[in-house]
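Visitor: Got a sequence here, can you build the structure:
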Amino acid sequence: MTIQGNTTFFQGDVVRMKDGCNDEWLTVCCAANVPAYCVQRDMASTYTANNLPVWTKGTTVVDYGQAGSGMIYMTASDPYEPYISVITNDTGQPWNGVTTRMRMGNLNGYLGYQVDAYGVGIGDSNASLTYDPNNGMVISSNASCTVFDGHGIRGYDTCNSLKFQVCNGHVLASDITLQDPNCSCNYSYLYSGALQFHDQLGNVPYVKRLCSGTANTGCFVVLNGWTSSPQVAVSTKSLMSYNACAPTQCQGWQVYSDPPLCYYTSSQCYGYCFAVHALLTTYNSTGVECIKDVNFGTSVCTEACTCATTVRFKFQLWCNNTAPSCYYYGTVCYALCYRVCGAGSYCACCYSYSQPYSSLSQLQTDQDAYVTLALPCMAVWDLLACQVSLTWANTGICSSGWITCTCCRNACNGTSQIACTTTTNTTCCTCNCVNLLITGSNPSYIYCNVLCYYWCSVPSEHIFDEVSPSCSCYATACSQAYVGAGAYCITITNCLSAYCTKSQTCCFSGCHSQILCPTASYTCMFIKSSMELSSPYGVTIAYMCHCVCNGYLMQCYCVPSGAAQCCIKEHLYSLCDSFGCYTTLDPNGVLNWLAVAYS
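Guide: Below you'll find the model as predicted:
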């Protein structure tokens, strides 16, 4: 391919030739003889073999460059023409598509436009900026967008819901945050139509209204025009009291306000009002301790004119599971409720108590706890203690003892065996092992096993090469054995248990069947061992018949003692009341007040 013009192609460039009938993509294979180029044709596989178009002189050749190259594309014949675009050849195969970065002209088919609209567009489906006369300027990002048009500025979320609008100088927003650029934790925001503030310690309520002043005790404060109920704080400015009969008497001062009341008499006269008060209480005596000793959940009453009381509780909180286990101590959260006798609902103060456990004795002993309750006025008070929660924790104190036990398990002789070593020209036969079947099963917590068995032996002499020599055990008891009899014990296991210690009377170095076990049966099961003996008569074979009698396995073990137990004692034990008299100081004082209405 030979071209004319000022453009030079490079090896690897993708070029395009197009007229009214044909459209072919080519790749420059060699650019050594510019302006003549060696090209590979029909890169898009548009044509069949031997049917490639014949391009005439004067046909335009457009260079799309290599992968990553960009260009300006201008058309008045493509669909949705006319427009000018900035495109990029991202893949190196522009016949499969190019990326439009910007378009000016008809925006139909670009950035979501589906109808003809003339304007300008920049970006892609993730982030874009468009303008046309009908829609104005739209800035989009991840499906949310901001619109600038003749109606103002509007912001939409990913669900196309209007979230922000500026129109005719007014700002409307369902959610807006103003953040301190120097500290991200300091910001203000709208919540349910109200302005909220936030700092490093959390949310700070927005103050709608704030007012303060002074008022005589017993008088009303009127907050005209307030639409939100205020929170009221009262403090002393000046109060006077004196008791000439008891100048050193204890005194209790109270300044307080009534709950705010809403009023409305007209569209101009509405709001909230509250009264302020002062009260002086003198404490002149303390009663004796009055024993109540009732369970939680049972109410008790104080004496008349009680203005304070000291409540004595008795607690004992512990439990344990079935042995072996550890004791647990209890921690109880409880409420002391109070009200004037005959009045409505209770008020309550909450306390906690944990059972001490420095020793088992302390754990399982009643402990006292005292609470002093200052009451709002002098009256007969109804008191009620109740449990809020109870939790348990391990004391580390073991809850059980251990009993040392011994058992004897019989050994069956039906398959008893003694293996003996045969020694030529000697008169001894040494037994070195025993295998007995033991009845029953092992108990738990074993710390010692002793195996005992009985044996006896009977000699028998036979001629050499005697066919089928036999051996019989003639003894009916070990003491009747001809050659020897005895008992043999071996300690198999001798160790300390994790829970109990070894008993000195439990494990033995020898057999003590006469003390711990019943007399064994001596019906013998025998096996034979042979020896060669030289004599004047020739070689003689002597058989020693070893009989194994019944034995036993003595086992020492521990049994944990102690069952599951639990003690939950929660008693209101006694009251010690303080009495007094009080004087209302209204209107003999002046109080400061502060009223605040929050969002």
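
Visitor: Please parse the chain into its domains.
Guide: 1-66, 177-204, 220-400+562-599, 404-561 (automatic domain parsing).

Visitor: Straight-line length of the shortest one, end to end?
Guide: So that's domain 177-204. End-to-end distance for domain 177-204: 14 Å, by C-alpha to C-alpha, to the nearest Å.

Visitor: Tell me which helix or strand the most centrally placed residue in the chain sits in.
Guide: By C-alpha atoms, centre = their mean, the chain has its centre lying nearest to residue 391, at 18.1 Å. Element membership for residue 391 (DSSP states H and E) is strand 381-398.

Visitor: for the stretch 1-150 of the chain, what spans make up the strands?
Guide: 14-18, 23-33, 36-40, 61-65, 69-75, 83-89, 99-106, 118-123, 127-132, 136-141, 144-149 (DSSP state E, counting those that start in this stretch).

Visitor: looking at those strands, which is closest to residue 557?
Guide: strand 144-149 (77.2 Å; C-beta to C-beta). The C-beta positions use only the backbone N, C-alpha and C, and glycine is treated the same way.

Visitor: okay, the angle between that closest one and strand 127-132?
Guide: Taking axes from the mean of the first three to the mean of the last three C-alpha atoms, to 10 degrees, one finds strand 144-149 and strand 127-132 inclined to each other by 20 degrees.

Visitor: which helices and strands does strand 144-149 pack with?
Guide: Counting contacts by 3 or more C-beta pairs under 8 Å, 6 or more residues apart in numbering; DSSP states H and E, strand 144-149 is packed against strand 136-141, strand 152-156.

Visitor: need the least confident one among those strands, by mean pLDDT.
Guide: Ranked by mean pLDDT, these bottom out at strand 152-156, with a mean of 87.

Visitor: Tell me the predicted confidence for residue 192.
Guide: 69.

Visitor: so where's this structure shaky on pLDDT?
Guide: For the chain, the stretches with pLDDT under 70 are 192-193, 238-252, 281-284, 323-324, 400-402, 410-438, 451-552, 562, 581-588, 599.

Visitor: Centre of the chain to stretch 316-329, how far?
Guide: Distance of stretch 316-329 from the chain centroid (C-alpha atoms, centre = their mean, to the nearest Å) equals 26 Å.

Visitor: Which parts of it count as buried, going by neighbours?
Guide: Neighbour counts over stretch 316-329 (16 or more other C-beta atoms under 10 Å) mark 316-321, 323-325, 327-329 as buried.

Visitor: Kindly report the same for stretch 198-212.
Guide: Going by 16+ other C-beta under 10 Å, stretch 198-212 has these buried residues: 198, 209.

Visitor: What is the neighbour count of residue 230?
Guide: 24 (other C-beta atoms under 10 Å).

Visitor: Repeat that for the one 5 residues further on.
Guide: Residue 235 has 10 neighbouring residues, counting by other C-beta under 10 Å.

Visitor: ok so, going back, would a markdown table of the strands of the stretch 1-150 of the chain with distance to residue 194 and mean neighbour count be doable?
Guide: Listed next are the strands of the stretch 1-150 of the chain as a markdown table, based on distance: least, C-beta to C-beta, whole Å; neighbours: other C-beta atoms under 10 Å:
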| stretch | distance to residue 194 | mean neighbour count |
| --- | --- | --- |
| strand 14-18 | 62 | 19 |
| strand 23-33 | 64 | 15 |
| strand 36-40 | 71 | 15 |
| strand 61-65 | 59 | 18 |
| strand 69-75 | 52 | 14 |
| strand 83-89 | 48 | 18 |
| strand 99-106 | 44 | 18 |
| strand 118-123 | 37 | 18 |
| strand 127-132 | 34 | 18 |
| strand 136-141 | 29 | 17 |
| strand 144-149 | 25 | 16 |
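
Visitor: Columns distance to residue 377 on top of those, output as TSV?
Guide: Converted to TSV, these look like this (distance: least, C-beta to C-beta, whole Å):
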stretch	distance to residue 377
strand 14-18	97
strand 23-33	99
strand 36-40	105
strand 61-65	94
strand 69-75	87
strand 83-89	85
strand 99-106	81
strand 118-123	74
strand 127-132	70
strand 136-141	65
strand 144-149	61
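
Visitor: thinking again about what came up before, now the two most distant members of the buried residues of stretch 316-329.
Guide: Going by C-beta to C-beta, the pair spanning those furthest: 316 and 324, at 22.8 Å.

Visitor: can you redo the helices and strands packed on strand 144-149 as a markdown table with distance to residue 27?
Guide: A markdown table is the format used below for the helices and strands packed on strand 144-149 (distance: least, C-beta to C-beta, whole Å):
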| stretch | distance to residue 27 |
| --- | --- |
| strand 136-141 | 37 |
| strand 152-156 | 45 |
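
Visitor: coming back round to it: need the contact list for the residue nearest to the centre of the chain.
Guide: By C-beta atoms under 8 Å, 6 or more residues apart in numbering, the residues touching residue 391 are 330-331.

Visitor: Then residue 73?
Guide: 84-87, 98.

Visitor: and which of those residues is nearest residue 253?
Guide: Out of those, the member with the shortest distance to residue 253 (by C-beta to C-beta) is residue 86, at 82.3 Å.

Visitor: Distance check, the residue nearest to the centre of the chain against residue 297.
Guide: Noted for residue 391: a distance of 19 Å to residue 297, by C-beta to C-beta, to the nearest Å.

Visitor: one step back: out of the strands of the stretch 1-150 of the chain, which comes closest to residue 51?
Guide: strand 23-33 (11.4 Å).

Visitor: now the angle from that closest one to strand 14-18?
Guide: Using the same axes, to 10 degrees, strand 23-33 lies at 130 degrees relative to strand 14-18.

Visitor: And strand 23-33, what does it pack against?
Guide: strand 14-18, strand 36-40.

Visitor: ok now it, how far from the chain's centre?
Guide: With C-alpha atoms, centre = their mean, you get 68 Å for strand 23-33.

Visitor: Parallel or antiparallel, which strands does that strand pair with?
Guide: strand 14-18 (antiparallel), strand 36-40 (antiparallel) (DSSP bridges).

Visitor: Show residues contacting it.
Guide: Counting by C-beta under 8 Å, 6+ apart, 1, 8-18, 37-44, 46-47, 52-53, 55, 94-95 sit against strand 23-33.

Visitor: Kindly indicate which of the contacts of residue 73 lies nearest residue 213.
Guide: When these are compared against residue 213 (criterion: C-beta to C-beta), the nearest one is residue 86, at 70.4 Å.

Visitor: so what's the closest one bridging to?
Guide: In beta-bridge terms (that is, DSSP bridges), residue 86 pairs with residue 72, residue 102.

Visitor: Skipping its backbone neighbours, what lies nearest residue 19 in space?
Guide: residue 59 (6.1 Å; C-beta to C-beta, 6 or more residues apart in numbering).

Visitor: I'd like the distance between residue 314 and residue 288.
Guide: Residue 314 is 18 Å from residue 288, by C-beta to C-beta.

Visitor: and those two? which has more neighbours close in?
Guide: With neighbours defined as other C-beta under 10 Å, residue 314 and residue 288 compare such that residue 314 has more, 15 against 9.

Visitor: List the contacts of the residue lying closest to residue 67 once chain neighbours are set aside.
Guide: In space, and not counting its chain neighbours, residue 67 is closest to residue 92: 3.3 Å by C-beta to C-beta, 6+ apart. With contacts defined as C-beta under 8 Å, 6+ apart, the neighbours of residue 92 are 14, 66-68.

Visitor: If we use 7 Å, what do you get?
Guide: By C-beta atoms under 7 Å, 6 or more residues apart in numbering, the residues touching residue 92 are 14, 66-67.

Visitor: Lovely, talk soon.
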